[in-house]
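**Student:** Provide a 3D model corresponding to the input given below.
(one chain, ligands or ions: 1)
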Amino acid sequence: LTEADYFKYKDPKQPLSARIRDLMKQMTLAEKIGQMTQIERTVATPDVMTKYFIGSVLSGGGSVPAPKASAETWINLVNGLQKGSLSTRLGIPMIYGIDAVHGHNNVYNATIFPHNVGLGATRQVTFILTQISGSPQASFKHYCKDPNLVKRIGEATALEVRATGIPYVFAPCIAVCRDPRWGRCYESYSEDHKIVQAMTEIIPGLQGDMPPTAQKGAPYVSTAKGKVAACAKHYLGDGGTTKGINENNTVIDLNGLLRIHMPAYLNSILKGVATVMVSYSSWNGKKMHANKELVTGYLKDKLRFRGFVISDWEGIDRITSPPKANYSYSVQAGVGAGIDMIMVPYNFTDFIDDLTYQVKNNIIPMSRIDDAVKRILRVKFVMGLFENPLADLSLASQLGSKEHRELAREAVRKSLVLLKNGKSAYKPLLPLPKKAGKILVAGSHADNLGNQCGGWTITWQGLEGNNNTMGTTILSAIKSTVDPTTQVVYNENPDANFVKSNKFSYAIVVVGEPPYAETFGDNLNLTIPQPGPSTIANVCGAVKCVVVVISGRPVVIQPYLAGIDALVAAWLPGTEGQGVTDALFGDYGFTGKLARTWFKTVDQLPMNVGDPHYDPLFPFGFGLTTKPTKN
Ligand SMILES: O=[N+]([O-])c1ccc(O[C@@H]2O[C@@H](CO)[C@H](O)[C@H](S[C@@H]3O[C@H](CO)[C@@H](O)[C@H](O)[C@H]3O)[C@@H]2O)cc1
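**Tutor:** Here you go, the predicted model:
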């Protein structure tokens with residue numbers, strides 16, 4: 001290296017603080033503001049990356065370089081943009097982010113794990129009503145005897161994300177969903193913050209284990225292959241809005257906010273989470289994207305969070321009503337609140353021009369810009385992005401690997417909650433016999449991979465059908481599980497006469513909610529859409545039946561319960577439908593416990609464990625068990 005080429009910031013042997021300082025002191029305002037700018041893939045080109053010094057690119061929900069794009073196609077996209085960034089004066093690498101919220105869900109053939117609502121049910125809860133005392137970690141083993149399941153899911157997800165050349169995921173969502181009418185309730189592990197806290201174990205799975213010598217609050221991402229930067233979201237109180245209305249107002253006093261919605265952020269920070277995403281929602285009428293007390297005062301100053309804070313998609317635009325009504329105010333309020341990186345995602349020249357104007361005119365102090373850039377650079381340095389900015393194909397075989405699908409299958413098994421097993425306790429229906437003459441499989445969700453994956457799968461809203469990605473439907477899992485002599489008859493929505501006339505040994509009915517995401521999932525009645533209820537009535541009125549409900553949350557089931565012999569909550573299991581039949585047919589026992597209260601009627605809502613008016617159909621923590629069948 002000649003003297004002219006040597007810059008301290010490029011030397012990985014230099015202390016992190018020295019590298020940051022050395023780079024910062026050389027950066028122009030344009031280069032600094034570029035680092036704070038995250039743009040969507042569709043408006044990103046190598047030239048844009050170079051010209052505007054763009055620090056980050058994302059794929060929004062369903063934003064893929066091509067339908068069913070391969071790992072190589074993804075890597076070429078990411079590397080192409082990265083080369084644009086590396087060809088700038090200072091060669092600061094950009095960081096590409098994507099929502100991998102239940103596996104690498106935008107990507108064809110990725111392993112799709114159960115959504116968080118199912119993972120929250122995998123805990124082997126022992127009702128130890130101890131106060132949370134001592135180190136926050138100590139108390140969670142009571143709540144989550146299986147924390148390493150979610151950590152292993154994080155490890156597998158990180159490998160599949162890196163297989164496509166991407167180093168950053170907008171996960172985990174650590175919302176504490178307090179009302180199932182919220183369209184994003186399935187992205188929340190539980191109504192109980194202690195379960196959500198336990199599930200932050202996914203962060204060391206994604207990022208790697210924080211070394212004991214690491215500075216508390218500092219971001220940590222292992223530079224070993226196959227780890228990604230994570231993002232705890234959405235700060236703060238996203239799951240507490242009135243009636244679960246998405247992006248709406250969380251009305252609760254400070255004590256309640258800190259007791260319910262804050263604890264998992266403490267765990268995330270202690271585990272070295274690299275980034276935190278701000279919530280669209282408001283707290284007592286104040287937009288979180290404009291809340292300096294909570295973003296800077298609490299998260300950065302009190303909790304000493306040293307990673308970077310990122311806005312949500314057009315999050316600063318939505319500070320005003322209507323959105324973008326006063327963009328300059330949005331920029332000033334959002335950046336001023338302490339947001340470091342703005343997920344613009346499209347009108348990036350407006351953002352850059354406006355922020356530049358406000359800094360040059362001392363409306364936003366340079367110290368705020370420097371704080372933001374320092375945090376962004378800290379994450380990029382610590383995760384080794386400067387040393388390894390370009391991806392290769394070495395992890396491509398991890399995408400949808402058999403090992404990961406087996407892990408997902410295990411997670412599905414453990415997420416199932418058995419709510420009823422036989423019309424009398426001493427005559428259980430489950431586990432079902434594999435050898436059984438002729439059986440019926442019915443329902444809109446029995447042979448529909450898209451339905452069993454739910455939203456945030458291949459597209460933002462999710463897609464019905466079996467042609468969107470690779471996986472195993474519940475029907476095909478049944479066919480491969482039963483004895484070869486057992487005849488499996490599939491009829492999506494049979495009438496009662498068909499059922500009666502066929503004299504089936506038993507029936508499996510799989511019904512539930514269609515895929516949805518965010519506001520499109522907000523729902524005040526929570527009924528299972530037709531023909532689900534009529535399929536239940538036609539089948540269960542004529543033959544012994546087990547109903548498997550595929551849903552992102554508890555749904556109205558009480559009116560049908562008496563006519564059902566056995567009832568299983570399967571949540572949104574993802575691509576590995578075999579996990580459902582593993583338990584239905586006794587290869588494994590049912591062990592899952594409700595992480596969400598199952599209401600009787602929606603007019604009880606919101607109703608969470610501990611509430612004075614608590615009167616559930618199935619209480620929080622409930623779940624019947626079965627023993628594996630001795631084969
Ligand atoms: O056409 N419309 O009707 C429509 C409506 C709303 C839209 O708004 C946008 O839709 C999605 C489509 O990409 C975006 O992902 C976000 S959501 C946001 O995105 C982040 C990045 O993906 C995630 O990490 C966050 O967790 C999530 O809250 C936004 O709501 C877009 C289109």
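**Student:** any idea how far the residue nearest the centre of the chain is from Asn267?
**Tutor:** What sits nearest the mean C-alpha location of the chain, by CA atoms, centre = their mean, is Val101, with 3.0 Å. Distance from Val101 to Asn267, counting by CB to CB, to the nearest Å: 18 Å. Backbone N, C-alpha and C define where each C-beta goes, glycine included.
**Student:** quick one, helices of the stretch 101-250 of the chain?
**Tutor:** In the stretch 101-250 of the chain, the helices defined using DSSP state H, counting those that start in this stretch lie at 116-119, 136-140, 147-163, 193-199, 202-207.
**Student:** So which residues make contact with the last one?
**Tutor:** Contacts with helix 202-207, where a contact means CB atoms under 8 Å, 6 or more residues apart in numbering, come from 150-158, 169, 171-172, 210, 220-222, 227-230, 232, 268, 271-274.
**Student:** Surely Ala583 and Phe590 touch.
**Tutor:** Yes - using CB atoms under 8 Å, Ala583 is in contact with Phe590, at 5.2 Å.
**Student:** joint contacts of those two?
**Tutor:** Residues touching both Ala583 and Phe590 (CB under 8 Å, 6+ apart): 416, 418, 430, 568, 626.
**Student:** Now tabulate those residues in JSON lines and tack on secondary structure.
**Tutor:** Converted to JSON lines, the shared contacts of Ala583 and Phe590 look like this (DSSP: H, G, I helix; E, B strand; the rest coil):
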{"residue": "Leu416", "secondary structure": "coil"}
{"residue": "Leu418", "secondary structure": "strand"}
{"residue": "Leu430", "secondary structure": "coil"}
{"residue": "Val568", "secondary structure": "strand"}
{"residue": "Thr626", "secondary structure": "coil"}
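**Student:** Let's see if you can find the most crowded of those.
**Tutor:** Leu416 (27 neighbours; other CB atoms under 10 Å).
**Student:** Please give me every residue in contact with it.
**Tutor:** Counting by CB under 8 Å, 6+ apart, Leu416 makes contact with 121, 568-570, 579-580, 583, 590, 592.
**Student:** again, 6 Å this time
**Tutor:** Listed by CB atoms under 6 Å, 6 or more residues apart in numbering, the contact set of Leu416 reads 568, 570, 583, 590, 592.
**Student:** ok and the residue in the stretch 351-500 of the chain nearest the ligand?
**Tutor:** Using CB to the nearest ligand atom, the point where the stretch 351-500 of the chain gets nearest to the ligand is Trp460, with a distance of 4.5 Å.
**Student:** okay, that residue: pLDDT?
**Tutor:** Trp460 carries a pLDDT value of 98.
**Student:** How many neighbouring residues does it have?
**Tutor:** Using other CB under 10 Å, Trp460 has 20 neighbouring residues.
**Student:** Would you check that it makes contact with Ala517?
**Tutor:** Yes - under the criterion of CB atoms under 6 Å, Trp460 makes contact with Ala517 at 5.4 Å.
**Student:** near the ligand, which residues of this structure show up?
**Tutor:** Contacts of the chain with the ligand, taken as CB under 6 Å from any ligand atom, map to 58, 60-61, 99, 170, 233, 312-313, 460, 518.
**Student:** Could you single out the nearest of the residues you listed to Ile364?
**Tutor:** Checking the residues of the chain next to the ligand against Ile364 by CB to CB gives Asp312 as the nearest, at 20.1 Å.
**Student:** ok, and for whatever helix or strand Asn538 lives in, which residues are buried?
**Tutor:** Assigned by DSSP states H and E, Asn538 belongs to helix 532-540. By 16 or more other CB atoms under 10 Å, the buried positions in helix 532-540 come out as 532-533, 535-540.
**Student:** cool, and stretch 256-264?
**Tutor:** Within stretch 256-264, the residues that qualify as buried are 257, 260-264, counting by 16+ other CB under 10 Å.
**Student:** among the residues you listed, which are in strands?
**Tutor:** If you go by DSSP state E, these have nothing in strands.
**Student:** Can you add pLDDT and give those back as JSON lines?
**Tutor:** Listed next are these as JSON lines, based on pLDDT from 0 to 100:
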{"residue": "Leu257", "pLDDT": "98"}
{"residue": "Ile260", "pLDDT": "98"}
{"residue": "His261", "pLDDT": "98"}
{"residue": "Met262", "pLDDT": "98"}
{"residue": "Pro263", "pLDDT": "98"}
{"residue": "Ala264", "pLDDT": "98"}
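**Student:** Narrow those to those in helices?
**Tutor:** 263-264 (DSSP state H).
**Student:** Residue in the stretch 101-250 of the chain with the shortest distance to the ligand?
**Tutor:** With CB to the nearest ligand atom, the shortest gap between the stretch 101-250 of the chain and the ligand falls at Phe170, namely 3.5 Å.
**Student:** meant to ask about the chain
**Tutor:** Closest residue of the chain to the ligand, CB to the nearest ligand atom: Gly60 (2.8 Å).
**Student:** Compute the number of surrounding residues for that residue.
**Tutor:** When neighbours are counted by other CB under 10 Å, Gly60 comes out with 17.
**Student:** What residue, apart from its backbone neighbours, is nearest it spatially?
**Tutor:** In space, Gly60 comes closest to Glu40 once its chain neighbours are excluded; the distance is 5.6 Å by CB to CB, 6 or more residues apart in numbering.
**Student:** Just to check, Arg304 is in contact with Gly217?
**Tutor:** Yes - the pair Arg304 and Gly217 qualifies as a contact (CB under 6 Å) at a distance of 3.7 Å.
**Student:** Those two: who's more crowded?
**Tutor:** Neighbour tally, Arg304 and Gly217, criterion other CB under 10 Å: the higher count belongs to Gly217, 16 against 12.
**Student:** re the thing from before, out of the helices of the stretch 101-250 of the chain, which is closest to Ala408?
**Tutor:** helix 147-163 (7.7 Å).
**Student:** Which residues lie in contact with Ala325 in this structure?
**Tutor:** Contacts of Ala325 by CB under 6 Å, 6+ apart: none found.
**Student:** any idea how far the closest residue to Gly455 other than its chain neighbours lies from Arg21?
**Tutor:** Excluding its sequence neighbours, the residue lying closest to Gly455 (CB to CB, 6+ apart) is Ala517, at 3.5 Å. Distance from Ala517 to Arg21, counting by CB to CB: 42 Å.
**Student:** Looking at these two, which has the bigger crowd around it?
**Tutor:** Legend: neighbour count by other CB under 10 Å for Ala517 and Arg21, higher for Ala517 (24 against 15).
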